[in-house]
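Asks: heads up, no residue letters with this:
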């Protein structure tokens, strides 16, 4: 099993930046993709970004392209989500997830196997 643990959420003004971190524990030595999703109140969980094990492939939702950057440091066993130019509509609980068995490049909730507890990001206008 893999247990992702998120950190770095908080309150920020519109136009500001935050960096989320995710340190998955458990199944070390295995290679797997990681992703970020978010869920706003009353809405379904939606894809934000995904990164392959090597970091060579990244995928983004259209709503965050050019503003968010996903990266990983396998030496530190950590995945990051750098969020710039934040907007009030980015307010949500952000979840880190690990994809061990799903298809390459998958961006659906069902394509990820293990999930963190989430971290709140609030962007004030």
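Replies: Noted; the coordinates are in hand. The shown structure was predicted, so the numbers you read here are calculated from the model rather than taken from an experiment.

Asks: these two touch, right, residue 15 and residue 85?
Replies: Yes. Using CB atoms under 8 Å, residue 15 makes contact with residue 85 at a distance of 6.2 Å. The way it works is simple: take the backbone N, C-alpha and C, and place the C-beta from them, glycine included.

Asks: how about the strands in the chain?
Replies: Taking DSSP state E to define them, one finds strands in the chain at 2-3, 6-7, 10-13, 18-22, 25-26, 33-39, 46-51, 58-60, 68-73, 78-83, 92-99, 114-115, 119-124.

Asks: quick one: contacts of the third one?
Replies: When contacts are taken as CB atoms under 8 Å, 6 or more residues apart in numbering, the neighbours of strand 10-13 outside the stretch itself are 18, 86, 120, 121, 122, 123, 124.

Asks: one more time with 7 Å, if that's ok
Replies: With CB atoms under 7 Å, 6 or more residues apart in numbering as the contact definition, strand 10-13 has outside contacts at 18, 86, 122, 123, 124.

Asks: List the buried residues for it?
Replies: residue 12 (16 or more other CB atoms under 10 Å).

Asks: cool, and the last one?
Replies: By 16+ other CB under 10 Å, the buried positions in strand 119-124 come out as 119, 121, 123.

Asks: That strand: partners in the sheet, and parallel or antiparallel?
Replies: strand 10-13 (parallel), strand 92-99 (antiparallel) (DSSP bridges).

Asks: got the contact list for it?
Replies: 6-9, 11-14, 18, 20, 86-88, 90-94.

Asks: in this structure, which ranges drop under the pLDDT threshold?
Replies: 27-30 (pLDDT under 70).

Asks: Point to the residue nearest the middle of it.
Replies: residue 36 (2.0 Å; CA atoms, centre = their mean).

Asks: Perfect, I'm done here.
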